[in-house]
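In: below are the sequence and a predicted model; questions follow.
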Amino acid sequence: MDGITPDLLALQLFTGLALGAIYVLLALGMSLLFGMLTVVNFAHGAFYMLGAYAGVLLLSIGVNFWFCLLLAPLLVGSLGLLCERFLIRHLYGRGIDYPLLLTFGLSYIMVEMVRILFGTQGLPFDTPDALQGASDIMIGYFPTYRLFVIGVAIVVVVALWLFLERTPYGLIIRAGARDPQIVRILGIDVARVWLVVFGIGTGLAALAGLLAAPLQGASPEMGSSILAEAFVVTVVGGMGSLVGAVVAGLLVGVVVAMTSLVAPEFAQVAIFALMAIVLLIRPQGFFGRAGLMS
Amino acid sequence: MEMTKKAAVSRRSLLAASALLAMPSIVRAQTADTIKIGFPVPLTGPYGTEAKDQVACAQIAISEFNEAGGLNGKKAELLVRDDKLDPGEAATRTIELIEKDGANFICGSLSAAVQLAVNNVAKQRGVIYNSISQSDQIAALPDWSKTTFHEGMTPHLTAGAVGRYAFGKFGKKVVFLQADYAYGHEMVAGFKAVGEKMGIEVLADLRHPLGATDYSTLLPRIQSLKPDILVLVNFGRDQQISLKQATDFGLKKTTKIVAPVLLYTARQAAGEKAFEGVIGGTSYYWGIESTVPTAKAFNDRYRKANEGRVPSDYGALGYAGVRALLEGARRAGGTDTAKVIAALEGLKYDFYKGPQEIRACDHQAVQPVFIIESKAAGANPNDVFNVISTDAANADNLVSCKDEGHV
């Protein structure tokens, strides 16, 4: 291919990282739910979509974008809490496919509700004024908003890591994931821990959806296509591994970007080819524990 | 709501009748007290908004016909069905419309693939089908038959009109970015056909999968090629998202973005920022009412029935498609298939957007194409495009009947 300069390559790499940032946020929530609760959340894409629509709703009543970043995940996270409390909780300990089927059904209900309330056409979502346009990043111009998305992803990853590794709550969550029975014996209400984890996971999905909305608008189906990609990321990174979610998310973004440069038709296939290769060499993914699914 | 009620009533009366006669084909002949037009469109799915507007516009053609007294006292009736944007579903609904509901004519569908399925069913049963979808294939053999009519535009016509305008005005260095399916391929072929004559240089011809949500990985490369024109050949949500992201990447500063078709409904859904300055073609824009009297009459009628809103491009095709069939029936003095075909062939009419003609050899509507440019914020929410050029109806801009395989 002619016309591929080092600057273009660098810019393309950067585009991949920006794309990966959304995957990271989505896969983090998914991995959290699987690692801590062994719930394979098929409604994750729907919560992602709800995040975008929560943003639309909040903006329409005059809340500014910055507060939306906080409020939309809280709103959708609260809905996640309700789902956990009244639906998913009853299925713990019943095998992995029970919550999988439940969340699969839930996703249909949520998408249909949004279609009824907001229409099938999708809604516009303007990039916030302060983040409009492109910025000079030495190798060329890059949309300011995408830089912002990378920044938010970094902040979230660091915050989540600090929360889980450096706070007493994080300690309880990690302990609850490893041996719920012992934690219960120690006098801790594990059910509440799981409730909170589910809220965080769905809140993260909502944040990813809200961040994606200025890139592609809000539409009822926006969660369904990205759900498959997010699954690939979690599988490649290792189901349940947060480090894996971050590494694999960025890697998938970069793979898509680089494939697009030479053969755009194969960009989508490349994601799944990557997954196939990783699964052949390392069935548990980069950072996954072997045998977790069995 | 009203239309479902009608459908339910007709089904009930049909059931009663078929209980008496126990033979659907006889029922069709016996209960033919109305002219029934089957109308399969994708009411659910991503093009639900466009489909609902097709129905709203088709109803106008029906009520106009009935208010004028119908045909020898026979009133027209629209049987709306949801094809769910699926060829199989559309074929099933069309079979039901013809065999159970006794539809005299079929009109409708939006997707090119669905339209071919509907045509196939109607063709086998010898029922006239007037397609309102954008397609070259339908007017050509082997899909075409004597009962096939096409009120919609063809990609060759649309891309030709837009290409002639854009390549002459904005430059010859062109990048194509197309959705990788029939619509994209047909449109790009149309652009290249006219571009070749005008001496354009194709810097890249990129394809993206249908329904892609991110174009960021393609944009830096397009930018580095520094084209005069980026031709964005995709539809609906793909078009909205790719335009938005191209704008974010600052592509509009150096490159004119051109699309074969700019949809009124998509522009309304995406907001003005992404579409601003983008040029494309359309079969209809309500704003032509300032110069075209029939457009004014049609818009006014639509406004009255739809709370002051204006008809969309694809919607208006629903009106024209149904009205052409009713006009054919009126001229033929009944619904006899052969007579209606004869009445429609070569028919000259001006229903809603200036003079048109049904080309006798392939039943394609020879029609004007409007080149429009998307505005910044307009005077009101309906005011989204400027009509910057009009290609009057001209059969020379279509694929010739010979090239379509007609003798």
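Out: Nice, thanks for sending it over.

In: is it true that residue A:165 lies in a helix?
Out: Yes: checked against DSSP: H, G, I helix; E, B strand; the rest coil, residue A:165 lies within a helix.

In: contacting residues for it?
Out: With contact taken as CB atoms under 8 Å, 6 or more residues apart in numbering or on different chains, residue A:165 is in contact with no other residue. For every residue, glycine as well, the C-beta is placed using N, CA and C.

In: how much space separates it from chain B?
Out: With distances taken as CB to the nearest CB, to the nearest Å, residue A:165 is found 32 Å from chain B.

In: what of residue A:146?
Out: Note on residue A:146: its distance to chain B, by CB to the nearest CB, is 7 Å.

In: hmm, that residue is touching residue A:18, no?
Out: Yes: contact criterion CB atoms under 8 Å: residue A:146 and residue A:18 qualify, at 4.1 Å.

In: give me the more crowded residue out of those two.
Out: Taking other CB atoms under 10 Å in any protein chain shown, residue A:146 and residue A:18 do not tie; residue A:146 has more neighbours (27 against 24).

In: in chain A, which spans are strands?
Out: Chain-ordered strands for chain A, with DSSP state E as the definition, fall at A:134-136, A:141-143.

In: quick one: buried residues of the strand or helix carrying residue B:323?
Out: Counting by DSSP states H and E, the secondary-structure element that holds residue B:323 is helix B:313-332. Of the residues in helix B:313-332, B:313-330, B:332 count as buried by neighbour count, 16 or more other CB atoms under 10 Å in any protein chain shown.

In: that helix near chain A anywhere?
Out: No: in terms of CB under 8 Å from any CB of the partner chain, no part of helix B:313-332 sits within range of chain A; the closest distance is 12.8 Å.

In: residues touching whichever residue of the stretch 151-294 of chain A sits closest to chain B, list them.
Out: When distances are taken as CB to the nearest CB, the stretch 151-294 of chain A approaches chain B most closely through residue A:260, which lies 3.6 Å from it. Listed by CB under 8 Å, 6+ apart, the contact set of residue A:260 reads A:12, A:267, B:217-218, B:221.

In: what touches both of residue A:146 and residue A:18?
Out: Between them, residue A:146 and residue A:18 have residue B:216 as joint contacts when contacts are counted by CB under 8 Å, 6+ apart.

In: now do the contacts for residue B:158.
Out: Applying CB under 8 Å, 6+ apart, we find residue B:158 in contact with B:134, B:187, B:190, B:260-261, B:281, B:369.

In: narrow the residues you listed to those in strands?
Out: Assignment to strands by DSSP E places the following of the contacts of residue B:158 there: B:260-261, B:281, B:369.

In: which neighbouring elements make contact with the helix holding residue B:323?
Out: The helices and strands touching helix B:313-332, judged by 3 or more CB pairs under 8 Å, 6 or more residues apart in numbering or on different chains; DSSP states H and E, are strand B:34-41, helix B:48-67, strand B:105-108, strand B:128-131, helix B:337-344.

In: ok now the last one, how far from the chain's centre?
Out: By that I understand helix B:337-344. Between the centre of helix B:337-344 and the centre of its chain there are 22 Å (CA atoms, centre = their mean, to the nearest Å).

In: what's in contact with the next helix or strand after it?
Out: Past helix B:337-344, heading to the C-terminal end, the next element that is a helix or strand (DSSP H and E) is strand B:348-349. Here strand B:348-349 makes contact (CB under 8 Å, 6+ apart) with B:324, B:327, B:355-358.

In: need the residues you listed in a markdown table (columns: pLDDT).
Out: Listed next are the contacts of strand B:348-349 as a markdown table, based on pLDDT from 0 to 100:
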| residue | pLDDT |
| --- | --- |
| B:324 | 96 |
| B:327 | 95 |
| B:355 | 94 |
| B:356 | 94 |
| B:357 | 94 |
| B:358 | 95 |
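
In: closest one of those to chain A?
Out: Closest approach between those and chain A, by CB to the nearest CB: residue B:324, at 27.9 Å.

In: pretty sure that closest one is touching residue B:130, no?
Out: Yes: between residue B:324 and residue B:130 a contact is recorded at 6.1 Å, counting by CB under 8 Å.

In: can you list residues touching both of those two?
Out: Overlap of the contact sets of residue B:324 and residue B:130 (by CB under 8 Å, 6+ apart) consists of B:149, B:151.

In: now for the lengthiest helix in chain A, which elements pack on it?
Out: Once chain A is assigned using DSSP state H, the helix that runs over the most residues is helix A:6-37. Taking 3+ CB pairs under 8 Å, 6+ apart as the contact definition, the neighbouring helices and strands of helix A:6-37 are helix A:44-60, strand A:141-143, helix A:144-166, helix A:168-178, helix A:190-216, helix A:222-237, helix A:242-262, helix B:219-225.

In: figure out which of these is closest to residue B:363.
Out: With CB to CB as the measure, helix A:222-237 is the member of the helices and strands packed on helix A:6-37 nearest residue B:363 (38.4 Å).

In: work out for me the element residue B:166 sits within.
Out: Secondary structure assigned from DSSP H and E places residue B:166 in helix B:155-170.

In: kindly export that helix (C-alpha atoms) in PDB.
Out: The C-alpha trace of helix B:155-170 is given here as PDB (Å, rounded to 0.1, in the frame of the first residue of the first chain):
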ATOM      1  CA  PRO B 155     -29.200   4.200  -8.300                       C
ATOM      2  CA  HIS B 156     -27.900   4.800 -11.800                       C
ATOM      3  CA  LEU B 157     -30.200   7.900 -12.200                       C
ATOM      4  CA  THR B 158     -29.500   9.200  -8.700                       C
ATOM      5  CA  ALA B 159     -25.800   8.800  -8.600                       C
ATOM      6  CA  GLY B 160     -25.600  10.100 -12.200                       C
ATOM      7  CA  ALA B 161     -27.400  13.300 -11.300                       C
ATOM      8  CA  VAL B 162     -25.400  13.900  -8.100                       C
ATOM      9  CA  GLY B 163     -22.100  12.900  -9.800                       C
ATOM     10  CA  ARG B 164     -22.700  15.300 -12.800                       C
ATOM     11  CA  TYR B 165     -23.300  18.100 -10.400                       C
ATOM     12  CA  ALA B 166     -20.500  17.400  -7.900                       C
ATOM     13  CA  PHE B 167     -17.600  16.300 -10.200                       C
ATOM     14  CA  GLY B 168     -18.100  19.400 -12.300                       C
ATOM     15  CA  LYS B 169     -18.100  21.800  -9.300                       C
ATOM     16  CA  PHE B 170     -15.800  20.500  -6.600                       C
END
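
In: now do the buried residues in it.
Out: Of the residues in helix B:155-170, those buried by neighbour count under the rule 16+ other CB under 10 Å are B:155-167, B:170.

In: having no further points to raise, I will conclude here.
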